[in-house]
Each structure stands twice: as structure tokens, then as C-alpha cells.
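> Predicted model, plus sequence, below.
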Amino acid sequence: MTLNEYEKKRDFARTGEPKPEAGANTRGQAVFVVQRHKSSRLHYDFRLEIGGVLKSWAIPKGPSVNPSQKRLAVMVEDHPYDYKDFEGVIPEGEYGAGTVMIWDEGTYAVVEGDAAAALAAGVIKMVLDGKKLKGIFSLVQTRMGGKDENWLLIKGKDDHADREEDILQRKPDSARTGRTMEEITQQ
Ligand code: MN
């Protein structure tokens, strides 16, 4: 796993995003973060700590707690571990320019085996313990359209599943600071 692509896309003299060498988890429990990112298009970035970096997927429609709503998740470049703490504004003209909110955060565990093996196999069945997202979720590589980067994020059928709930609408604010997108933008 490498952060070369992450580094190439960004000018760290201009953006406040963490530098690629920064940080690593020393506390044991693997973390996940979901960042709401309003760049040219609003999307949600789902990141799992695996092998010392944050493996990352861009989810155009965001996660759902309804098991029948499978959400396209497009794998993007690895992000440094410290990216989990990034909430703020990426300046205009920079890659991904716009507002980033820590929409959800917490720890996760794969249901079977280890996360790196699940990633390599293209099926990551995990239990999320976030502030908003909880219970079983699966990331499944579909290679739709012949593209390796195409995965689906699917809520598992458990006590945390809810077919009526629109969690993005009901819990729109930062899980870290409670701020709205507007408040982060105007910081
Ligand atoms: Mn993004």
C-alpha cells in the first residue's frame, strides 16, 4: 500500500490536509471514518484503516441503513491514517476543493479473518461501531462495467437495519464537532 498517488495529487503548501507520512494507529482497534465532501459534487468518502493507511471509497449517494439500498462505492487512492481527523476546507484550485465534514467515525472489525485478506478477496464483511453507523455492513467488489474500482456498500440485516430511515437526512451534522457544512465552510 502506498500513498504516492495521494501525495502526487496534492500541494501541501496550500491544502491543510495531512501530509502522507503522518501518523499510524498504535492503539489497536481499527478505525473507520465517513467524510461528507462537498467538492464539485457532494459525495461521502468511506475509509477503513487497513495496513497502516486508510483504504478509501467515494460513495456518490452516501451510506444507507436500508439493506435493499446498495450504494455504489468507487475505490480511490489510499489516504494517510491522520486523514481521519481532517475536517475543514480544501482551498479552491486544489484537488478535491471544497468542504470536508467528519460525518461519522468509530471502530470496526471484520467478521471473519483479517481485513487485508478480506480486501484482497473483494468482500469485506464488517461490524461498524460508529456514532451513526452501527452493525453489519459489507463492501463487495463488483467490477461493474469491467472496472476494478467499483464496489457496493450494503447494510446487513440486523437490529441496526432500518428500511424507513434516511440517516443522511436525519443526522446531517459533524460527528466530531456537531457543525453543519455551512459552519465548517465559514470557519
Ligand atoms: Mn472526496
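Received it, and whenever you're ready, just let me know what you need.
> Now for the protein: which helix has the highest residue count?
helix 115-121 (DSSP state H).
> can you list contacts of that helix?
30, 48, 50-51, 55, 110, 112, 124-126 (C-beta atoms under 8 Å, 6 or more residues apart in numbering). C-beta: built from backbone N, CA, C; applies to glycine.
> How about S39, nearest residue that isn't a chain neighbour?
Distances taken as C-beta to C-beta, 6 or more residues apart in numbering place G98 nearest to S39, at 3.8 Å, with adjacent residues excluded.
> Revised request: answer the last question for N150.
M144 is the one closest to N150 (C-beta to C-beta, 6+ apart), at 4.3 Å.
> so which strand or helix has the residue nearest in space to the middle of the chain?
For the chain, the residue sitting closest to the mean C-alpha position, by C-alpha atoms, centre = their mean, is F46 at 1.5 Å. Taking DSSP states H and E as the definition, one finds F46 inside strand 42-50.
> in its sheet, what does that strand sit against?
When pairing is defined by DSSP bridges, strand 42-50 lines up against strand 31-38 (antiparallel), strand 53-59 (antiparallel).
> in that strand, what's buried?
Neighbour-count burial for strand 42-50, counted by 16 or more other C-beta atoms under 10 Å, picks out 43-50.
> Of all the residues in this structure, which one is nearest the ion?
The minimum distance from the chain to the ion, using C-beta to the ion, falls at H37 (3.7 Å).
> Contacts only, for that residue.
Per C-beta under 8 Å, 6+ apart, neighbours of H37: 43-45, 58, 96, 98-101.
> repeat for V76
Neighbouring residues of V76 by C-beta under 8 Å, 6+ apart: 45, 56-58, 149.
> in what helix or strand does it lie?
strand 71-80.
> ok, residues contacting the strand holding F46?
1, 25, 30-37, 54-63, 73, 76, 79, 81, 83-84, 103, 108, 115-116, 119, 124, 126, 139, 153, 168.
> and that strand, how far out from the chain's middle?
With C-alpha atoms, centre = their mean, to the nearest Å as the basis, strand 42-50 stands 1 Å off its chain's centre.
> Check stretch 38-53 too.
A distance of 4 Å separates the centroid of the chain from that of stretch 38-53, by C-alpha atoms, centre = their mean.
> start to end distance for it?
23 Å (C-alpha to C-alpha, to the nearest Å).
> Point out the residues in this structure that sit beside the ion.
With C-beta under 5 Å from the ion as the criterion, the chain meets the ion at residues 37, 45.
> Could you dump the strands paired with strand 42-50 into TSV and include distance to K8 and mean pLDDT?
Listed next are those as TSV, based on distance: least, C-beta to C-beta, whole Å; pLDDT from 0 to 100:
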stretch	distance to K8	mean pLDDT
strand 31-38	19	98
strand 53-59	15	97
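> In JSON lines: those strands, plus distance to S174.
Listed next are these as JSON lines, based on distance: least, C-beta to C-beta, whole Å:
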{"stretch": "strand 31-38", "distance to S174": "8"}
{"stretch": "strand 53-59", "distance to S174": "17"}
